[in-house]
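*Asks:* Fold the following, please.
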Amino acid sequence: MGSFLAFGEILFDCFADHNVLGGAPLNVTYHAASLGLDARIVSAVGNDSLGDEALAEISAKGIDSSLVAVLDGIPTGRADITMVGKNADYEFNCPAAWDCIPLPEGLPSSVDVLYFGSLAQRGEISRRTLASLLSAVGARHIFFDVNIRKNFYSREIIEHSLDAATILKVNDEELPLIAALLGIKSEDSVSAIMERYSLEMLLLTEGRKGTTLYCDDGCIIHQDISDVKVVDTVGAGDSLSGGFIATLAKTGDREESVRMGSLLADYVVTQSGGTPAYSSEVRELFGL
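*Replies:* Below is the predicted model of the structure:
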């Protein structure tokens, strides 16, 4: 069994008639745990009804919540969704509990994969906690998942994150934004970013064009998407990350990691929501 630790936001997407629990770090933790890793998340919720709901649902999904703080006086994270035609606009509450994540006791001394994103670095307290976490927990792979949301990012956040990371995951819309933010003008922004920040791998998702893994030894691995009926794409990138991370932690096989992450994402887009129960076919595919 491999080990996995995530840091970051737990929040609800709040629609007019229902709430959906999410946040990329929690979604990835769900998949890592479901795929057999010893997986935990460092986060925070408020001491309120949404916080109670979050903890109950986290437990029901089989996720270890022992490193999730419950904070008084700061509300659980939420993103209030307004539909404009087929497009969703959203407004994050601020501050939210995930802005003030404390460093918990009982951290592992080392893990196979440590995962974090950019959104949870919106708040100064959480930024400081992440820095302490990166110093306290040794990790074979440090996976930085860029999450460009509203204006909750900066060059400083991205640079510090890349300095710490060994693996960067980014999509094809975020890549040029990040390159411009970093002042990278090279036509080959992937190579330029990897070289500047000494990354071992860069995982680039390109929607219907599939996924490509770039490696520091020059190896390039591409995986096309499967021809499936898409129900929704919520959490598709998170499931790809989870499948990739779980396979990498267990096998160290980069090509197999890209393939399995892509196949898991192909399944998730045929379901409603980003953390569906796995079918018997998926369980068999992953040897569960």
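*Asks:* Helices along this protein, start to end?
*Replies:* Ranges of helices within the chain are 24-34, 49-60, 124-136, 155-164, 174-181, 189-196, 236-251, 254-268, 280-285, based on DSSP state H.
*Asks:* mind checking the end-to-end distance for stretch 184-201?
*Replies:* Stretch 184-201 has its terminal residues 18 Å apart, counting by CA to CA, to the nearest Å.
*Asks:* among the helices of the chain, which is nearest L202?
*Replies:* With CB to CB as the measure, helix 189-196 is the member of those nearest L202 (5.4 Å). All C-beta atoms are positioned from the backbone trio N, CA, C, and that covers glycine.
*Asks:* I'd like the helices of the chain laid out as JSON lines, including mean pLDDT.
*Replies:* JSON lines is the format used below for the helices of the chain (pLDDT from 0 to 100):
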{"stretch": "helix 24-34", "mean pLDDT": "96"}
{"stretch": "helix 49-60", "mean pLDDT": "95"}
{"stretch": "helix 124-136", "mean pLDDT": "97"}
{"stretch": "helix 155-164", "mean pLDDT": "95"}
{"stretch": "helix 174-181", "mean pLDDT": "93"}
{"stretch": "helix 189-196", "mean pLDDT": "96"}
{"stretch": "helix 236-251", "mean pLDDT": "95"}
{"stretch": "helix 254-268", "mean pLDDT": "95"}
{"stretch": "helix 280-285", "mean pLDDT": "92"}
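*Asks:* Out of those, which gets nearest to V228?
*Replies:* Among the helices of the chain, helix 254-268 sits nearest to V228 (CB to CB), with 5.3 Å.
*Asks:* JSON lines for the helices of the chain, including distance to R208 and mean neighbour count?
*Replies:* Putting the helices of the chain into JSON lines (distance: least, CB to CB, whole Å; neighbours: other CB atoms under 10 Å) gives the following:
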{"stretch": "helix 24-34", "distance to R208": "21", "mean neighbour count": "27"}
{"stretch": "helix 49-60", "distance to R208": "31", "mean neighbour count": "16"}
{"stretch": "helix 124-136", "distance to R208": "33", "mean neighbour count": "17"}
{"stretch": "helix 155-164", "distance to R208": "26", "mean neighbour count": "16"}
{"stretch": "helix 174-181", "distance to R208": "16", "mean neighbour count": "16"}
{"stretch": "helix 189-196", "distance to R208": "19", "mean neighbour count": "17"}
{"stretch": "helix 236-251", "distance to R208": "11", "mean neighbour count": "26"}
{"stretch": "helix 254-268", "distance to R208": "11", "mean neighbour count": "22"}
{"stretch": "helix 280-285", "distance to R208": "21", "mean neighbour count": "12"}
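*Asks:* With distance to I41 as added columns, please give the ones you listed in TSV.
*Replies:* Shown next, in TSV, are the helices of the chain (distance: least, CB to CB, whole Å):
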stretch	distance to I41
helix 24-34	4
helix 49-60	8
helix 124-136	11
helix 155-164	18
helix 174-181	23
helix 189-196	27
helix 236-251	12
helix 254-268	19
helix 280-285	22
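*Asks:* what about those helices, which gets the closest to V42?
*Replies:* Of all the helices of the chain, helix 124-136 comes closest under CB to CB, at 6.4 Å.
*Asks:* Could you list every helix and strand in contact with the closest one?
*Replies:* Helices and strands touching helix 124-136, by 3 or more CB pairs under 8 Å, 6 or more residues apart in numbering; DSSP states H and E, are strand 3-7, strand 110-117, helix 155-164.
*Asks:* Run the chain-centre distance for the shortest one.
*Replies:* Translated: strand 3-7. Centroid separation between strand 3-7 and its chain, computed with CA atoms, centre = their mean, to the nearest Å, is 10 Å.
*Asks:* so what strands line up beside that strand?
*Replies:* Partners of strand 3-7 in the sheet, by DSSP bridges, are strand 38-46 (parallel), strand 110-117 (parallel).
*Asks:* As TSV, those with mean neighbour count would be great.
*Replies:* What follows is the strands paired with strand 3-7, written out as TSV (neighbours: other CB atoms under 10 Å):
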stretch	mean neighbour count
strand 38-46	26
strand 110-117	24
